[in-house]
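Participant: Whatever this is, show me its structure:
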Amino acid sequence: MKLLRIKYISLIVLGVFLAQCSDLSEDPFTSIAPDDFYKDAEDLNKALIGVYDGYQEHYGRDARGYYLKIESLSEFGAPNRTEDSPHLYNVWSDVNNPDMTIDKWGDSYQIINTANLVIGKGQGIQMDEELRQQRFGEAMFLRALTYFNLLRLYGGVPIPETYTQGLDNLEIPRKSVEETYDYIIEDLSYAAENLPLKSEYGNEEIWRASRGAARALLGKVYLYRGSMTGEAQYFEESNRYSKMVIDSREYALESDFRDLWKWWNANNENGIESIFEIQLGHKDGEDNTLHTYAGINIADENVGAQMYHRYGPSFIAYNSYNDQDYRKSSTFLTSTILSTGDTVEWLESDKGFYPGSQGWQSATPGNIKYYDRTAQSYSTGYAGTNMYVLRYAEVLLNYAEAENAINGPTADAYSKINLVRNRAKLPDLTTGLTKEQFADSVYRERGWEFIGEGQLYYEGIRTGNITSAVKEEVAYGNENGLYLYSPLQFAPTKNFLWKIPRYDLNANSTLEQNPDNENAL
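Facilitator: Numbers count the residues shown, from 1 in each chain. Modelled structure (predicted):
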């Protein structure tokens, strides 16, 4: 049992103010010594809520520091307004500079620290043992998810074996990539054994991490590991865990793709397709701002809160959709009637210059996945939309990809990708594909399904498609004179890793910086 392998605590401050549409908020406990705080099961739950809140804050509400960047980096995202410099990320500018890196190191360790404190201090509480193991499983799920993000961004990371309450013994070297994977998998295996099924939670707790979430994430982690190493055993494990999720019958695709999104369905949170989502709905004035970064730069009663326009779907991605693909009209906003009665419309012929000839205030179509056109959104200036971390469509595609990697494009692999395609009102995938052609089809299906959901940068890296894809997208933008495009400065390879932020590197003398990445231009 890995309960004592706990990350150091640099600052012991438990902030558990939350802002969710689900009942996640608790009374605040701040600046309380841990020995005074952890008295019973209720205290442990309040501390655990702080772990959820930390993940929500740093990987949900932080649209500017993280989400904007990874969306702009893939071939699926195009730059809009120059504030926050999406046009520089789009062309991979200065990516070997530790002062210009994606800065998620410190944020991630805040989440990990809080999870470790929950696990360490929770062992001494007198409480029901099954509930204790569940709470530890939730903390381990969130810790593993955070480590997985760190691993994909930076490679191997420090994983201390001890727990402290002060600032001693904080200089801890990095583990290898393999050791980091093993730690993540151990956490998730514990979670998968000790968490309830989603259906076993009541409506008030359906937002919590579940056994299905742990298994789905294990399938995703093993798929990533297999993609990076080429080792069949990891694809086999990915296949096995994804199949567990499928066979559990806990989840299904929403019959209508639009029911996933608040723009179309005001009651879409934590539905049948949702495996784990960040709870960012309206509560106490703290709501997500993701809509403002993929917006159309309009505030109007008919479209909800004030929107800006930092990035949007690239022209090449938008045009890659089959016109019959239901996801195209369900995901992108290209025309809307304002409360004044005026219609504004995006036209490709405007080449990203705005205001466009039909009054459109952005370089690209809008992506409605985080839009909220309710009166409350318009009055508060915030969107009350949650953010998916894992949904069932991804499990189906993970299974299809892993099955293909092991056995080639079997009927079973086809059946899973076709479930996703058929929901999009597309016909079954053409049969008779080679193993490589089928893998490419899964990659393209992911793009159409998950554009704007913070996933596709990582898919490009692990599959190796990132190199040619960003070259093609940026070349298209420049050759067609699209606004804010400039020459590509760097083409990443599959082995690309971000620099550890300089501040965090200087704070730990045992850390070794990642070497400069190879430029594949």
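Participant: Walk me through the domains of this structure.
Facilitator: Structural domains assigned to the chain are 1-194+462-521, 289-374, following automatic domain parsing.
Participant: per-residue confidence at the closest residue in space to residue 294 that isn't next to it in sequence?
Facilitator: Excluding its sequence neighbours, the residue lying closest to residue 294 (Cβ to Cβ, 6 or more residues apart in numbering) is residue 367, at 4.4 Å. Where you see a C-beta, it was placed from the backbone N, CA and C, and this is true even at glycine. Here, the pLDDT recorded for residue 367 equals 94.
Participant: for residue 373, same thing?
Facilitator: Value listed for residue 373 in the pLDDT field: 89.
Participant: looking at it, it is touching residue 304, isn't it?
Facilitator: Yes - under the criterion of Cβ atoms under 8 Å, residue 373 makes contact with residue 304 at 4.1 Å.
Participant: What separation is there between the residue nearest to residue 294 and residue 427?
Facilitator: According to Cβ to Cβ, to the nearest Å, residue 367 stands 25 Å off from residue 427.
Participant: Show me which of these two is the more surrounded one.
Facilitator: residue 367 (28 against 10; other Cβ atoms under 10 Å).
Participant: Pop out the phi and psi values for that one.
Facilitator: The phi/psi pair for residue 367 (degrees, to the nearest 10) reads phi -110, psi 110.
Participant: Tell me the bridge partners for it.
Facilitator: Assessed by DSSP bridges, residue 367 has beta-bridge partners residue 332.
Participant: buried residues in the helix ranked longest in the chain?
Facilitator: Secondary structure of the chain per DSSP state H: the longest helix is helix 129-154. For helix 129-154, burial by neighbour count (16 or more other Cβ atoms under 10 Å) applies to 132-154.
Participant: Same question for stretch 409-422.
Facilitator: Judged by neighbour count using 16+ other Cβ under 10 Å, the buried positions of stretch 409-422 are 409, 413, 414, 416, 417, 418, 419, 420, 421.
Participant: Please point out which parts of stretch 303-323 sit buried.
Facilitator: Result for stretch 303-323 [16+ other Cβ under 10 Å]: buried residues 303-318, 320-321.
Participant: whoops, stretch 508-518 was the one
Facilitator: 508, 511, 514, 517.
Participant: Equivalent analysis for stretch 464-481, please.
Facilitator: Quick answer for stretch 464-481 (16+ other Cβ under 10 Å): 464, 465, 466, 467, 469, 470, 473, 474, 476, 477.
Participant: ok, now stretch 113-130?
Facilitator: Using 16+ other Cβ under 10 Å as the test for burial, stretch 113-130 gives 113, 114, 115, 116, 117, 118, 119, 120, 121, 122, 127.
Participant: quick one: what helix or strand has the second one in it?
Facilitator: Assigned by DSSP states H and E, residue 114 belongs to helix 105-122.
Participant: Let's test this: mean pLDDT of that helix, rounded?
Facilitator: For helix 105-122, the per-residue pLDDT averages 92.
Participant: now the angle from it to helix 129-154?
Facilitator: Helix 105-122 runs at 160 degrees relative to helix 129-154, counting by axes from the mean of the first three to the mean of the last three Cα atoms, to 10 degrees.
Participant: what packs against helix 105-122?
Facilitator: The elements that helix 105-122 packs onto, with contact taken as 3 or more Cβ pairs under 8 Å, 6 or more residues apart in numbering; DSSP states H and E, are helix 34-37, helix 41-56, helix 129-154, helix 502-507.
Participant: and after the longest one, which helix or strand comes next?
Facilitator: Per DSSP H and E, helix 129-154 leads on to helix 177-194 as the next helix or strand towards the C-terminus.
Participant: Flag every buried residue along that next one.
Facilitator: Within helix 177-194, the residues that count as buried by 16+ other Cβ under 10 Å are 177, 180-181, 183-185, 187-192, 194.
Participant: before we move on, back to that, output the helices and strands packed on helix 105-122 as TSV; include the columns distance to residue 86 and mean pLDDT.
Facilitator: Compiled in TSV, the helices and strands packed on helix 105-122 are given as follows (distance: least, Cβ to Cβ, whole Å; pLDDT from 0 to 100):
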stretch	distance to residue 86	mean pLDDT
helix 34-37	41	64
helix 41-56	23	94
helix 129-154	18	98
helix 502-507	22	93
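Participant: and residue 378, which of the ones you listed is closest to it?
Facilitator: The closest of these to residue 378 is helix 41-56. By Cβ to Cβ, the value is 23.1 Å.
Participant: Tell me how far that closest one lies from the chain's centre.
Facilitator: 20 Å (Cα atoms, centre = their mean, to the nearest Å).
Participant: Kindly report the same for stretch 372-388.
Facilitator: 20 Å.
Participant: One more: stretch 259-275?
Facilitator: Taking mean C-alpha positions (Cα atoms, centre = their mean), stretch 259-275 and its chain are 17 Å apart.
Participant: Show me the contact partners of that stretch.
Facilitator: Outside stretch 259-275, the residues that touch it by Cβ atoms under 8 Å, 6 or more residues apart in numbering are 21-22, 198, 206-207, 210, 212-213, 216, 245, 251-254, 258, 277, 279, 281, 330, 368-374, 383-386, 388-393, 395.
Participant: taking these one by one, which sit in strands?
Facilitator: Among the contacts of stretch 259-275, the ones falling in strands (DSSP state E) are 277, 388, 389, 390, 391.
Participant: Okay, helices next: where are they in the stretch 201-350 of the chain?
Facilitator: 211-229, 232-248, 290-293, 315-318, 326-331 (DSSP state H, counting those that start in this stretch).
Participant: just the ones you listed: most buried one?
Facilitator: Counting by mean count of other Cβ atoms under 10 Å, helix 290-293 has the highest mean neighbour count of the helices of the stretch 201-350 of the chain, with a mean of 26.
Participant: and for it, what are the contacting residues?
Facilitator: Helix 290-293 is contacted from outside by 60, 63-64, 67-68, 71, 84, 280, 304-311, 370-372, 383, 385, 387, using Cβ under 8 Å, 6+ apart.
Participant: of all the ones in strands among the contacts of stretch 259-275, which comes closest to residue 104?
Facilitator: residue 389 (15.0 Å).
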